[in-house]
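**Q** What follows is a protein structure lacking sequence information:
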Ligand SMILES: NC(=O)c1ccc[n+]([C@@H]2O[C@H](COP(=O)([O-])OP(=O)(O)OC[C@H]3O[C@@H](n4cnc5c(N)ncnc54)[C@H](O)[C@@H]3O)[C@@H](O)[C@H]2O)c1
Ligand SMILES: O=C(O)[C@H](O)[C@@H](O)[C@H](O)[C@H](O)CO
């Protein structure tokens, strides 16, 4: 039988108070896992805890900044003591800055790289030793369309998410022999607060031009929802994917397959 169960597993999903991380953690809980998440502020953690409770899920929430190595190490040690060794890590925490490249400061560029690329490095590094000792582990990095494509204003984000794709391949290469699988999920355009500015209605009530552009660019002809990522995430976290390593699974309604509508 194919085994998609996550019964008895401890899953850490970073930045999972809402949005994509919350949907993935909820799916993991429904598949049997114990959920741990972190966020940068107590109010976000509290909001997350209330949302999990409303779904009937007992989750463990902590304040931790994924860019702070000392904080992350202390957090992972605390989770191992209070909840158990982390079997599944989802590097979901991330930010985007939409600024034309020539107007972006180096400090802004560095901040995006720090959260979206250094963060997954720091958290993965903290959990891998215990995964090796335990004899298995799953790491899922939340990549992006921008792991493959560029567009105006997102240079730092594209650089970080392209780097995250290669970090994924490297973790798979370096730790595959310890029965650790590291794969990515590359969501297409998903309706969350991160993309809300791209979907805002215009003053005259018409659709934001980017909103119409994305619907036309997506063969599925719609934005994705966080729930669209649930099945792929459970697959990559479960024993069903034990020989899948170093891939990015694009969950994009077909965007990367499509040349675009003829004008
Ligand atoms: N929404 C989309 O269309 C889309 C598409 C592809 C990839 N993604 C990626 O999915 C992930 C989740 O995005 P989302 O759209 O659900 O919403 P989001 O980007 O707003 O959520 C990210 C979460 O990470 C947290 N976070 C930010 N910095 C942090 C830090 N230093 N330490 C810990 N937590 C931190 C935020 O507080 C938030 O809870 C991100 O990595 C994003 O880049 C989103
Ligand atoms: O401004 C943007 O183009 C978007 O915010 C994206 O980058 C998406 O959020 C996503 O990562 C695509 O997969």
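**A** Everything's here; your move. Fair warning: this is a prediction, and the values are worked out from it, not measured in the lab. Numbering: from 1, shown residues only. Ligands and ions are numbered 1, 2, ... in the order given.
**Q** switch to C-alpha atoms for all contacts and neighbour counts from now on
**A** Noted.
**Q** which residues does the residue lying closest to residue 179 once chain neighbours are set aside contact?
**A** Using C-alpha to C-alpha, 6 or more residues apart in numbering and skipping residues adjacent in sequence, the residue nearest residue 179 is residue 136, 4.9 Å away. With contacts defined as C-alpha atoms under 8 Å, 6 or more residues apart in numbering, the neighbours of residue 136 are 87, 178, 179, 180.
**Q** Need the contact partners of the helix or strand containing residue 81.
**A** According to DSSP states H and E, residue 81 maps onto helix 69-82. With C-alpha under 8 Å, 6+ apart as the test, helix 69-82 has contacts from 36, 62, 64, 65, 66, 85, 86, 122, 123, 126, 127.
**Q** How about that helix, which residues are buried there?
**A** Buried residues in helix 69-82, counting neighbours by 16 or more other C-alpha atoms under 10 Å, are found at 69, 72, 73, 75, 76, 77, 79.
**Q** How about stretch 114-127?
**A** Result for stretch 114-127 [16+ other C-alpha under 10 Å]: buried residues 114-124, 126-127.
**Q** just the strands in the stretch 151-263 of the chain please.
**A** Counting by DSSP state E, counting those that start in this stretch, the segments of the stretch 151-263 of the chain that form strands are 180-187, 248-251.
**Q** Now for the buried residues of helix 69-82: which two are most distant?
**A** Farthest apart among those by C-alpha to C-alpha are 69 and 79. That separation is 15.2 Å.
**Q** Pipe the buried residues of stretch 114-127 into JSON lines and attach secondary structure per row.
**A** Formatted as JSON lines, these follow (DSSP: H, G, I helix; E, B strand; the rest coil):
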{"residue": "114", "secondary structure": "helix"}
{"residue": "115", "secondary structure": "helix"}
{"residue": "116", "secondary structure": "helix"}
{"residue": "117", "secondary structure": "helix"}
{"residue": "118", "secondary structure": "helix"}
{"residue": "119", "secondary structure": "helix"}
{"residue": "120", "secondary structure": "helix"}
{"residue": "121", "secondary structure": "helix"}
{"residue": "122", "secondary structure": "helix"}
{"residue": "123", "secondary structure": "helix"}
{"residue": "124", "secondary structure": "helix"}
{"residue": "126", "secondary structure": "helix"}
{"residue": "127", "secondary structure": "helix"}
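**Q** With pLDDT and distance to residue 228 as new columns, can those residues be given to me in CSV?
**A** Formatted as CSV, those follow (pLDDT from 0 to 100; distance: C-alpha to C-alpha, whole Å):
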residue, pLDDT, distance to residue 228
114, 99, 27
115, 99, 24
116, 99, 22
117, 99, 24
118, 99, 27
119, 99, 24
120, 99, 22
121, 99, 26
122, 99, 28
123, 99, 25
124, 99, 25
126, 98, 29
127, 98, 27
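**Q** If we check ligand 1, which of the residues you listed are in contact?
**A** Near ligand 1, judged by C-alpha under 6 Å from any ligand atom, the entries from those are residue 115.
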